[in-house]
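Novice: what's the 3D shape of this:
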Amino acid sequence: MLAPLLLFTSLALLPGDSPTLETRLKPLFDSHKGKSAVAVKHLMTGESYRLRSDVPMPTASLVKFPVMIEAYRQAAEKKIDLDALVTLKKEDKVPGAGILTPHFSPGAQFPLRDAIHLMIVYSDNTATNLVLDRIGIETTAATMEKMGFPHTKIHSKVFKRETSKFPERSKEFGLGSTTADDMVALFEKLHKGDLVSKEASAAMTKSLLQCDDKIKFPRFLPPGTKIAFKTGSVDAVRTCAGIIHTKSGPVAMCVLTAENEDKRWVQDSAGDLLCAKAAKAVWDHFNKQ
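Specialist: As a prediction, the model looks like this:
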């Protein structure tokens with residue numbers, strides 16, 4: 001009677017039966033109380049996993065990454081000057097993430113490239129609006145559409161819904177919209193140096209590597225793990241996308257959540273925790289050898 005059991009046990013230990021990206025990730029997303037999507041792609045081997053990755057979802061501040069792309073595109077075409085000074089006015093200040101509103105006085109001046117940097121590193125909402133004042137609101141969506149990403153749009157200035165160029169999408173998605181597939185494809189282009197130019201891609205990567213969100217992708221990864229990423233958070237939405245550098249090579253990854261039952265602003269909020277656990281599952285998978 002032991003032989004069949006021994007056979008079953010030995011088969012269960014075969015390398016082919018080791019955890020896959022699907023078996024590591026799908027249970028996490030299936031158990032999430034809210035809408036969710038994920039896309040993962042190893043940028044050297046091409047190994048990938050996708051779940052609801054073509055479904056448009058809210059971005060929250062994650063959409064600031066495409067805004068940065070558009071700013072660098074316009075700079076490359078000499079439509080804007082990244083070294084031109086922007087002046088912070090009292091009416092520019094909006095609440096939420098960032099350092100300009102609480103720490104800078106009206107009249108402060110700094111280069112446009114610094115506003116872009118603040119928009120990515122600290123997800124600064126006021127800086128984002130200053131950037132949008134220079135590049136326009138509709139231009140990011142137009143460029144994303146030309147690149148083959150029609151679902152990726154910023155709809156309005158932050159905390160200024162009245163400026164929306166896509167009012168129906170604003171009602172459905174809030175500040176911005178995208179798909180997990182779009183984000184992974186954009187980060188793959190960034191890794192290849194194909195976003196605007198190699199120089200622009202390198203400059204954008206430098207900012208993304210300094211993203212200060214520690215509770216999403218970085219939370220359960222080894223200290224010092226190299227991650228170029230951007231996140232987004234509003235009450236019912238938590239998002240994260242970027243490139244995680246594993247021992248086996250770079251991995252592009254995007255996690256989107258919406259309509260989350262857990263809307264708490266705490267470290268263990270379900271949406272933030274899903275981002276962190278998914279990143280750890282991907283890390284474990286690509287470092288299993």
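
Novice: for the stretch 151-289 of the chain, what spans make up the helices?
Specialist: Secondary structure of the stretch 151-289 of the chain (DSSP state H, counting those that start in this stretch): helices at 167-173, 180-192, 198-208, 270-286.

Novice: want to throw these into JSON lines with distance to Met144 and mean neighbour count?
Specialist: The C-beta positions use only the backbone N, C-alpha and C, and glycine is treated the same way. Formatted as JSON lines, these follow (distance: least, C-beta to C-beta, whole Å; neighbours: other C-beta atoms under 10 Å):
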{"stretch": "helix 167-173", "distance to Met144": "13", "mean neighbour count": "15"}
{"stretch": "helix 180-192", "distance to Met144": "8", "mean neighbour count": "22"}
{"stretch": "helix 198-208", "distance to Met144": "15", "mean neighbour count": "17"}
{"stretch": "helix 270-286", "distance to Met144": "23", "mean neighbour count": "23"}
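
Novice: right, and those helices - which one's nearest Lys247?
Specialist: Nearest to Lys247, of all the helices of the stretch 151-289 of the chain, is helix 270-286, at 7.2 Å by C-beta to C-beta.

Novice: before we move on, back to that, I'd like the helices of the stretch 151-289 of the chain as JSON lines, with mean pLDDT and distance to Phe149 appended.
Specialist: Shown next, in JSON lines, are the helices of the stretch 151-289 of the chain (pLDDT from 0 to 100; distance: least, C-beta to C-beta, whole Å):
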{"stretch": "helix 167-173", "mean pLDDT": "97", "distance to Phe149": "14"}
{"stretch": "helix 180-192", "mean pLDDT": "98", "distance to Phe149": "4"}
{"stretch": "helix 198-208", "mean pLDDT": "98", "distance to Phe149": "16"}
{"stretch": "helix 270-286", "mean pLDDT": "98", "distance to Phe149": "21"}
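
Novice: Turn these into JSON lines, including distance to Asp235.
Specialist: Listed next are the helices of the stretch 151-289 of the chain as JSON lines, based on distance: least, C-beta to C-beta, whole Å:
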{"stretch": "helix 167-173", "distance to Asp235": "14"}
{"stretch": "helix 180-192", "distance to Asp235": "21"}
{"stretch": "helix 198-208", "distance to Asp235": "25"}
{"stretch": "helix 270-286", "distance to Asp235": "10"}
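
Novice: Select, out of those, the one closest to Pro218.
Specialist: Distance to Pro218, taken as C-beta to C-beta, is lowest for helix 270-286 among the helices of the stretch 151-289 of the chain, at 7.6 Å.

Novice: which residues are in contact with that closest one?
Specialist: Here helix 270-286 makes contact (C-beta atoms under 8 Å, 6 or more residues apart in numbering) with 19-21, 24-25, 28-29, 32-34, 36, 38, 40, 42, 215-221, 225, 231, 233, 237-240, 244, 246-249, 251, 253, 255, 257, 260-262.

Novice: before we move on, the earlier item: so which of the helices of the stretch 151-289 of the chain gets nearest Ala84?
Specialist: The nearest among the helices of the stretch 151-289 of the chain, by C-beta to C-beta, is helix 198-208 at 16.0 Å.

Novice: Just the buried residues of stretch 123-138, please?
Specialist: Within stretch 123-138, the residues that count as buried by 16 or more other C-beta atoms under 10 Å are 123-132, 134-135, 137.

Novice: I'd assumed Leu130 was in contact with Ala71.
Specialist: No - in this structure Ala71 lies outside contact range of Leu130 using C-beta atoms under 8 Å: 10.7 Å.

Novice: Give me the common contacts of these two.
Specialist: Joint contacts of Ala71 and Leu130 (C-beta under 8 Å, 6+ apart) are Leu112.

Novice: okay, which residue is most central for the chain?
Specialist: Ala241 (3.0 Å; C-alpha atoms, centre = their mean).

Novice: Bridged to that residue, which residues?
Specialist: Lys230, Cys254 (DSSP bridges).

Novice: and it, what does it touch?
Specialist: The contact partners of Ala241, by C-beta under 8 Å, 6+ apart, come to 62, 65, 180, 183-184, 187, 229-231, 252-255.

Novice: Quick check: the gap between it and Ala76.
Specialist: Applying C-beta to C-beta, to the nearest Å, the value for Ala241 to Ala76 is 23 Å.
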